[in-house]
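S.K.: Sequence first, then the predicted structure, then my questions.
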Amino acid sequence: MATQQIKVVKKDGKEALYDLTPSAKVAFESHFKMGWRKRLLDEQRDSDLWWFAHYLITAKGETTLPLDDAFLDQYKDVEFVLDLKNG
């Protein structure tokens with residue numbers, strides 16, 4: 001089974017990985033009225049990755065900031081990570 005994660009890199013170079021949870025996927029689909037896989041593959045927007053990152057970081061209690069410049073200015077990158085396990 002594949003593990004889906006969002007990786008963020010802070011301005012100081014520290015990285016953090018967040019598992020893409022079922023609740024995050026459902027919240028994304030409810031918010032954007034579209035399947036998360038289709039939207040990520042077809043539209044390839046960084047803003048969608050930042051939406052997931054913000055949702056997951058907020059769910060962990062690591063921020064109370066809204067998804068705006070104050071939140072985004074803490075980071076320098078975001079990535080979708082797919083880990084395909086063999087065996």
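M.R.: Alright, I've got the coordinates.
S.K.: quick one: buried residues of stretch 19-26?
M.R.: Neighbour-count burial for stretch 19-26 flags 20, 24-25 (criterion: 16 or more other C-beta atoms under 10 Å). Yep, even glycine has a C-beta here, placed from its N, CA and C like the rest.
S.K.: Now tabulate the residues you listed in TSV and tack on pLDDT and secondary structure.
M.R.: Below are the buried residues of stretch 19-26 laid out as TSV (pLDDT from 0 to 100; DSSP: H, G, I helix; E, B strand; the rest coil):
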residue	pLDDT	secondary structure
20	96	coil
24	97	helix
25	97	helix
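S.K.: if I look at residue 35, how far off is residue 55?
M.R.: With distances defined as C-beta to C-beta, to the nearest Å, the gap from residue 35 to residue 55 amounts to 16 Å.
S.K.: on that earlier part again, of the buried residues of stretch 19-26, which is the nearest to residue 63?
M.R.: Closest approach to residue 63 among these (C-beta to C-beta): residue 24, at 14.7 Å.
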